[in-house]
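Chemist: sequence first, predicted model second:
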Amino acid sequence: MKPMLNRENGMPSRCLRIYIPLKDSRTHQIKNGRMIKDLCAMLLPLLRGCTKYRAEGMWRNGDGKIIGENVIIVESFGSGENFRKAVQRIQTLLRKFKRQYRQESIAVLVDKDFYLI
């Protein structure tokens with residue numbers, strides 16, 4: 001039987017998922033279209049593509065309060081050295097975004113590992 005799925009360059013694909021908030025810490029709408037374009041532009045040369053979509057999420061802040069929040073999720077897949085480079089490069093952009101929009105944190109999922117930047 002022929003395999004249905006092919007691996008990129010013989011390597012397993014890895015998943016990168018970034019959760020971009022739509023409101024700042026004061027609940028003001030964030031105009032983050034440029035930031036999302038910059039993020040995708042950073043990912044595309046290293047990975048094969050990216051997908052962005054809206055989602056509704058909930059999280060618990062440092063005081064234990066549950067916060068409902070709409071987000072944009074940017075998702076991409078890749079493998080090998082290019083995937084590692086992509087994960088390293090986005091961290092600087094996400095830290096800048098975190099400061100600029102007064103975020104407590106920005107969530108990033110790398111494969112099955114969850115990080116807060």
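Modeler: Perfect, thanks for sending it.
Chemist: got the phi and psi for the nearest residue to Pro12 once chain neighbours are set aside?
Modeler: Nearest in space to Pro12, with sequence neighbours left out and distances taken as C-beta to C-beta, 6 or more residues apart in numbering, is Ser79 at 6.4 Å. C-beta here means a position set from N, CA and C on the backbone, and glycine is covered the same way. Note on Ser79: its backbone torsions stand at phi -160, psi 170 [degrees, to the nearest 10].
Chemist: give me the number of residues near Ser79?
Modeler: 17 (other C-beta atoms under 10 Å).
Chemist: please apply the same query to Ile117.
Modeler: Quick note: Ile117 (other C-beta under 10 Å) scores 15 neighbours.
Chemist: picking up where we left off before, surely the residue nearest to Pro12 meets Cys15?
Modeler: No. Counting by C-beta atoms under 8 Å, Ser79 stays clear of Cys15, with 10.4 Å between them.
Chemist: does Val87 count as helix, strand or coil?
Modeler: Here Val87 is recorded as helix under DSSP: H, G, I helix; E, B strand; the rest coil.
Chemist: next up, the contacts around Lys85.
Modeler: Applying C-beta atoms under 8 Å, 6 or more residues apart in numbering, we find Lys85 in contact with Leu46.
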